[in-house]
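Chemist: Fold the following, please.
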Amino acid sequence: MDDQSDVIELPTIPADAPEWVRTLPSSGRFIDRTKLYDITGHILFDSLLNSNGIRHFFFFMENEQQVQRAHKAYSGCLPDLQSSDHDGSSTNQDIFEVRAAFHLGEGICGHKGIVHGGLTATMLDEVSGAAAFSCVGPAFTANLNINYRKPLVTPAWVLVRAHVDRHQGRKAFIKATVENGEGMIYAEADGLFIKPKLNVQEHVQKHQEK
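Modeler: Model (predicted):
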């Protein structure tokens, strides 16, 4: 895989985006995930990405090291992480944070004018999964606990942040938030993501053979 072909210049951010969105590129690298794996059928790209749903979203990695880890994770070349102790677990010394800015339209509400809680959960799950992938490789959501703090009114730009709190073998424990980019928190989540013994393609093929 050619790293230069998979990390691209940041698409143009709308001029009316909040300042915190426009300053994100100065402190992170953008990854075009459409070049990392087949997005056919993906809920964000195929279903929700439209002018009335999720108008834009941009994924950022904190530094070059995390960009390279993401490439290795998505290509299945991520080596086993070295544990920091004897029970195979590690803590804060391995922090992998992913940030995503989402521009939300007015067609994703539950109560009129307020983002549906399921959409908030989808954003948290997606960004948490990206953080987990960069730690243990492709993984499935095993558990996601969400606390909704404040209603999120549309239209809006939100910042979703997720980082690996700790990992143990094939398990990555994630903490994530949905924020307004200026410190106000709309929702918080704790998640557990597990790298399966079979890869995704093998799971699909096994199901199709039944």
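Chemist: And residue 120, how close does it get to residue 114?
Modeler: From residue 120 over to residue 114 the distance is 10 Å, taken as CB to CB, to the nearest Å. C-beta coordinates here come from the backbone N, C-alpha and C atoms, glycine included.
Chemist: Revised request: answer the last question for residue 159.
Modeler: Distance, residue 159 to residue 114, by CB to CB: 18 Å.
Chemist: When the two are compared, which one has more neighbours?
Modeler: Higher neighbour count among residue 159 and residue 114: residue 159, with 21 against 13, using other CB atoms under 10 Å.
Chemist: Touching both of residue 120 and residue 114, which residues are there?
Modeler: residue 152 (CB atoms under 8 Å, 6 or more residues apart in numbering).
Chemist: after the longest strand along the chain, next one along is what?
Modeler: Counting residues, the longest strand found in the chain (DSSP state E) is strand 156-168. For strand 156-168, the succeeding helix or strand toward the C-terminus, using DSSP states H and E, is strand 171-179.
Chemist: And the next helix or strand after that following strand, what does it pack against?
Modeler: Beyond strand 171-179 on the C-terminal side, the first helix or strand identified by DSSP H and E is strand 185-194. With contacts defined as 3 or more CB pairs under 8 Å, 6 or more residues apart in numbering; DSSP states H and E, the packing partners of strand 185-194 are helix 117-136, strand 140-148, strand 156-168, strand 171-179.
Chemist: Residue 19 is nearest to which of those?
Modeler: Taking CB to CB, strand 156-168 is the member of those nearest to residue 19, at 10.4 Å.
Chemist: average pLDDT across the closest one?
Modeler: The average of the pLDDT scores along strand 156-168 is 94.
Chemist: Packing partners of that strand?
Modeler: Applying 3+ CB pairs under 8 Å, 6+ apart, we find strand 156-168 packed against helix 19-22, strand 89-90, strand 97-104, helix 117-136, strand 171-179, strand 185-194.
Chemist: so who does residue 143 touch?
Modeler: With contact set as CB under 8 Å, 6+ apart, residue 143 has these partners: 191, 192.
Chemist: Could you report the separation of it from residue 183?
Modeler: Taking CB to CB, one finds residue 143 at 27 Å from residue 183.
Chemist: ok, now residue 43?
Modeler: Counting by CB to CB, the separation of residue 43 from residue 183 is 29 Å.
Chemist: ok, the two, which is more surrounded?
Modeler: Neighbours were counted for residue 43 and for residue 183 using other CB under 10 Å; residue 43 has more, 13 against 7.
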